[in-house]
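Asks: sharing a model that was predicted from the sequence below.
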Amino acid sequence: MRAVNGADLPGRAARLCLLILAFAPGLLLAQERPSIHMLELEAHRDVIVDYARADSIAATMPPPLLRVIAPTREIVGYLPYWLYDSYTNLDYNLLTQINYFSVELDGNGNITNDRGWPRTELVNFAHAQGVRVKLCATLLDWANAGIKIAELLSSASNRQRAIVNLLAEVQAAGADGVDIDFEPMPADQKANMVTFMRALTDTFHTNIPGSIVTLAMPAVDWSDRWDYNALAQIVDGLFIMGYDYHWSSGLTAGPSSPLAGFSRDVTWTVDDYLTKTEGNAAKIILGLPYYGYDWPVESSGKYAATSGSASSRFYSVAYDMAQTHGRQWDETSSTPWFNYQSDGFRQVWYDDSLSLSLKYDLALEKDLAGVGMWALGYDGSRPELWGALADHFTTTVVPPPRPTTLAAVNNGDGTVLISVSGIAAVSYQLLTSTNGVDFSLFQEYQTSAFQVIGLPADSLVICTPSTPMSFRMPTSLVPLTSPGRT
């Protein structure tokens, strides 16, 4: 097995290097260095987001159609604030939860940056399509080695202040819960983290019935700083950050999310969580990368030694680059990679629909609660990552039957008689529009034949059967312009 981020060095040098790494994991490994969440937050800290523009686009979109497919597992995606404008382009048929990333906490439990939250428009848009929205709260304190996290977790008043502030923020948006991302976890705060998450979960479940509380978790707990079992019993989900096994400042280029073949890889991580949580697969969500790393390297050889830090590449960018430079496949890790030259050798490792599919197979084999991604929007307009999700985690939904006949008679006196046949619905909703784009509810009726009074002249009408689950199915557009049958 290859050591994570270890180079293939000759003879004694290799043995000496591996011996040093074995006794000094904190120098290099896993949760001992900033995650992609932290790196991307810092890289986009000064991005100015036009929230109003994205929301205005959402407001002009027609009402969503009834789902024809539905997820069979949880599918949880982080939506970074810097890609807020992508929320109208997501495939909501293939999501169950969105984590809005993020509001930032300090050591006193105060919110220091809300990143545009509350985003009621996002919440309403997602709710209309059956997807729940959680607020991600971050305290990414790598610069201070977790001192601010210790300040928050070790103080009962600071913990309570954070809980009260987060509850208020989630309630203000009408959202569905909270996701916590604290990095790095101080070694002496293991028990306090459990105490905090228990109080947070109890508060949310009490004040927002049905709410969801989740926690971003490391792929590897090198220093035993996390109580996986206690946390799994408390919260609604542990989101494993199953990426950055090779990281931007590592000694060698390599896969961010290797399925297998390493001393620490995704398969090892999943088994580690199952062991430590006593098989609590129903609480484990396997998060996977929609990005890759582009390293400057010393040669064109696979797993080449790096000559500097990598730049992250969104999947959509890495995909296009691979088409240009020639995608290769690494059998050891089950991930794609490629070389190119730009002021020397460069090497890119990323995940695509095939490598993600193999890890989805693992999630199904282990019967995990679901999967997730960092991050939504990183695939741009490309469809194949959605396709991989659909292939693994969906079932067909049988929609309510469509009416065989929808008749409308304009009586010419401001009243319209509408009759629906061929379907038995609990009620029928009448939506009207003056421009054929923006529809609003005019009235709801409890019978299949009803008289409508007061429709605006020259309006378009949609009649939809509504069910106890509030599905909406457009059945016909009826122009009402003159007396007589339309």
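Replies: Ah, there it is.

Asks: ok, residue 371 - contacts?
Replies: By CB atoms under 8 Å, 6 or more residues apart in numbering, the residues touching residue 371 are 73-76, 285-288, 359-360, 363, 389, 393. Yep, even glycine has a C-beta here, placed from its N, CA and C like the rest.

Asks: go with 7 Å
Replies: Contacts for residue 371 were tallied using CB atoms under 7 Å, 6 or more residues apart in numbering; they are 73, 75, 285-286, 288, 360, 363.

Asks: which one (most neighbours) among those residues?
Replies: residue 286 (27 neighbours; other CB atoms under 10 Å).

Asks: and that residue, how far from residue 366?
Replies: 8 Å (CB to CB, to the nearest Å).

Asks: before we move on, what about residue 239?
Replies: Taken as CB to CB, the span from residue 239 to residue 366 is 15 Å.

Asks: hang on, the earlier thing: what is in contact with residue 286 and residue 366 at once?
Replies: Here residue 286 and residue 366 share the contacting residues residue 270, scored by CB under 7 Å, 6+ apart.

Asks: quick check: closest non-adjacent residue to residue 300.
Replies: residue 339 (4.8 Å; CB to CB, 6 or more residues apart in numbering).

Asks: next, give phi and psi for residue 430.
Replies: Taking degrees, to the nearest 10, you get phi -110, psi 120 for the backbone angles of residue 430.

Asks: which residues does it bridge with?
Replies: Going by DSSP bridges, residue 430 is paired in beta bridges with residue 443, residue 463.

Asks: thought it was touching residue 440?
Replies: No: at 10.1 Å, residue 430 and residue 440 do not qualify as touching, with contact defined as CB atoms under 7 Å.

Asks: secondary structure element for residue 102?
Replies: Here residue 102, judged by DSSP states H and E, is contained in strand 97-105.

Asks: let me know the average pLDDT across whatever helix or strand residue 160 lives in.
Replies: Using DSSP H and E, residue 160 falls within helix 156-173. For helix 156-173, mean pLDDT is 98.

Asks: ok, and for that helix, which residues are buried?
Replies: By 16 or more other CB atoms under 10 Å, the buried positions in helix 156-173 come out as 158-159, 161-163, 165-167, 169-170, 173.

Asks: go on, stretch 138-146?
Replies: For stretch 138-146, by 16+ other CB under 10 Å, it's 138-141, 146.

Asks: my read is residue 407 is in a helix, agree?
Replies: No: counting by DSSP: H, G, I helix; E, B strand; the rest coil, residue 407 is not found in a helix; it is strand.

Asks: and the contacts of the strand or helix carrying residue 451?
Replies: For residue 451, the element it lies in under DSSP H and E is strand 449-453. With contact meaning CB under 7 Å, 6+ apart, strand 449-453 is reached by 414-419, 430.

Asks: residues in contact with residue 55?
Replies: residue 121.

Asks: can you tell me the closest non-neighbouring residue to residue 191?
Replies: Counting by CB to CB, 6+ apart, the residue nearest residue 191 is residue 227, at 7.4 Å.

Asks: residue 321 contacts residue 346, correct?
Replies: No: contact criterion CB under 7 Å: residue 321 and residue 346 do not qualify, at 9.7 Å.

Asks: more neighbours, these two?
Replies: Using other CB under 10 Å as the criterion, residue 321 and residue 346 rank with residue 346 on top: 24 against 19.

Asks: wait, is the more buried one part of a strand?
Replies: Yes: checked against three-state DSSP, residue 346 lies within a strand.

Asks: what's the pLDDT at it?
Replies: 98.

Asks: residue 412 too?
Replies: For residue 412, the model assigns a pLDDT of 66.

Asks: and residue 82, by the same measure?
Replies: Residue 82 carries a pLDDT value of 98.

Asks: identify the residue nearest it in space, chain neighbours excluded?
Replies: That would be residue 44: by CB to CB, 6+ apart, it lies 4.0 Å from residue 82.

Asks: measure the one you found to residue 101 for me?
Replies: Counting by CB to CB - residue 44 and residue 101 are separated by 10 Å.

Asks: where's residue 266 relative to residue 279, distance?
Replies: Residue 266 sits at a distance of 18 Å from residue 279 (criterion: CB to CB).

Asks: list the contacts of the residue nearest the centre of the chain.
Replies: The chain has residue 77 as the residue nearest its centroid, 0.6 Å off, counting by CA atoms, centre = their mean. Residues in contact with residue 77 (CB under 7 Å, 6+ apart) are 95, 98-99, 372-373, 375-376.

Asks: direction included, what does whatever helix or strand it lives in pair against?
Replies: Residue 77 is located in strand 74-80, with elements delineated by DSSP H and E. Sheet pairing of strand 74-80 (DSSP bridges) gives strand 97-105 (parallel), strand 370-374 (parallel).

Asks: return it as PDB; C-alpha atoms alone will do.
Replies: Written as PDB, here are the backbone C-alpha positions of strand 74-80 (Å, rounded to 0.1, in the frame of the first residue of the first chain):
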ATOM      1  CA  GLU A  74     -29.900  11.400   1.600                       C
ATOM      2  CA  ILE A  75     -28.000  13.600  -1.000                       C
ATOM      3  CA  VAL A  76     -26.500  16.600   0.800                       C
ATOM      4  CA  GLY A  77     -24.700  19.400  -1.000                       C
ATOM      5  CA  TYR A  78     -22.800  22.400   0.300                       C
ATOM      6  CA  LEU A  79     -23.700  25.600  -1.500                       C
ATOM      7  CA  PRO A  80     -20.900  28.100  -1.100                       C
END
